[in-house]
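Student: A structural model of the following input is requested.
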Amino acid sequence: MAWSPDGSKIASGSYVDSVKIWNAAAGASIATLTGHSDYVVSVAWSPDGSKIASGSDDESVKIWNAAAGTSIMTLTGH
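Tutor: This next block holds a predicted model:
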């Protein structure tokens with residue numbers, strides 16, 4: 001899991017092949033990012049909070065638009 005730079009959100013990886021974004025104050029899920037085909041084992045926010053990187057056991061790294069919840073890029077073979 002990783003805190004957003006402003007501390008308002010948390011991104012977490014899961015064993016169900018997705019990344020969840022949480023409202024840190026409310027403890028509520030606000031988005032689910034899907035696209036990996038195996039466990040998501042790492043997540044990190046960009047310094048400006050606009051993107052999230054996720055690494056998976058499917059040997060890929062995905063870069064996400066944090067606000068839209070869409071995949072921007074997939075890096076394979078990692």
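
Student: okay, CA-based contacts and neighbour counts for the rest of this
Tutor: OK.

Student: residues touching the residue nearest the centre of the chain, list them.
Tutor: Centroid-nearest residue in the chain: residue 19, 4.4 Å away (criterion: CA atoms, centre = their mean). Residues counted as contacts of residue 19 (CA atoms under 8 Å, 6 or more residues apart in numbering) are 11, 12, 13, 32, 33, 34, 40, 43, 54.

Student: measure it to residue 26 for me?
Tutor: According to CA to CA, to the nearest Å, residue 19 and residue 26 sit 18 Å apart.

Student: picking that back up, can I get the contacts of residue 19 in JSON lines with pLDDT and distance to residue 70?
Tutor: Listed next are those as JSON lines, based on pLDDT from 0 to 100; distance: CA to CA, whole Å:
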{"residue": "11", "pLDDT": "98", "distance to residue 70": "14"}
{"residue": "12", "pLDDT": "98", "distance to residue 70": "16"}
{"residue": "13", "pLDDT": "96", "distance to residue 70": "16"}
{"residue": "32", "pLDDT": "97", "distance to residue 70": "10"}
{"residue": "33", "pLDDT": "97", "distance to residue 70": "7"}
{"residue": "34", "pLDDT": "96", "distance to residue 70": "9"}
{"residue": "40", "pLDDT": "97", "distance to residue 70": "16"}
{"residue": "43", "pLDDT": "98", "distance to residue 70": "15"}
{"residue": "54", "pLDDT": "98", "distance to residue 70": "12"}
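
Student: Can you list the strands that the helix or strand harbouring residue 44 pairs with?
Tutor: Element membership for residue 44 (DSSP states H and E) is strand 40-45. Paired strands of strand 40-45, with direction, are strand 51-56 (antiparallel) (DSSP bridges).
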